[in-house]
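**Student:** Here's my sequence, what's the structure:
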Amino acid sequence: MVGPSSSHTAGAARIGLAARAIVGGQPSRAVITLYGSFATTYAGHGTDLALIAGLLGMEPDDERIPDARRLAVESGLDVGFKIAEDSPDVHPNTAKLELEGPRGTTRTVVGSSVGGGSILITRIDHFKVDFSGESHAIVASYRDQPGIIAKITSLLATEDVNIASMRVSREAKHARALAIIEVDQPVSDEARALISRISGVDEVMALPPVSSD
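**Tutor:** Have a look, this model is predicted:
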């Protein structure tokens, strides 16, 4: 860990790691907006370096974090930072990451470092979420219609995957929706592929744990 604060460095690195997983791998471009104390102390605490390091796939204790900006250039990751002028409705240690992924996929991820190196992802694109990164998770984007969630959870059960928690967010009735299903064990590529074949499912992501537990 670099810097004096686990919230500003370990938590920031885990936000970057979570965002990397959500966008499907190392992004080619990132615009990161910092809020609250992240915005006022990021340089001295190494928050910027930790966020970049997470996007590069580094853990919070990686000794290369101080060189994250140079390594980003070498790996083809173009990173820019913005400072939010006013942020009354967000946690003090919050970052918004606007990313372009390895296959041209774009994602916006908002995450907060909530203390002790733990994080909370609160938004993916325009969907409100509540994801701690402490467990393996399946994130499924789909068209809201009866039976989709039942099919996904039934398939996970047949694969002996135990569900720990689930949250669904949707644009409107019968519009786009996003489900985050936290599970107790990794979800196989085969299970993820089967979920992606369910009629109405647009995209499925399997996320590894990134938090401190």
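**Student:** now the helices for this protein?
**Tutor:** 10-23, 36-45, 47-55, 68-75, 148-158, 189-196 (DSSP state H).
**Student:** Next, the angle helix 47-55 makes with the longest one.
**Tutor:** Pointing back at helix 10-23 there. Inter-element angle recorded for helix 10-23 and helix 47-55: 40 degrees (by axes from the mean of the first three to the mean of the last three C-alpha atoms, to 10 degrees).
**Student:** Relative to the whole chain's centre, how far out is helix 10-23?
**Tutor:** Chain-centre distance of helix 10-23: 5 Å, with C-alpha atoms, centre = their mean, to the nearest Å.
**Student:** Show me what that helix is packed against.
**Tutor:** Other elements packing on helix 10-23 under the criterion 3 or more C-beta pairs under 8 Å, 6 or more residues apart in numbering; DSSP states H and E are helix 47-55, strand 93-100, strand 106-115, strand 118-124, strand 201-207. All C-beta spots, glycine's among them, are computed from the backbone N, C-alpha and C.
**Student:** now the ones you listed as TSV including distance to Asp189 and mean pLDDT?
**Tutor:** Below are those laid out as TSV (distance: least, C-beta to C-beta, whole Å; pLDDT from 0 to 100):
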stretch	distance to Asp189	mean pLDDT
helix 47-55	23	96
strand 93-100	23	96
strand 106-115	21	95
strand 118-124	21	95
strand 201-207	8	94
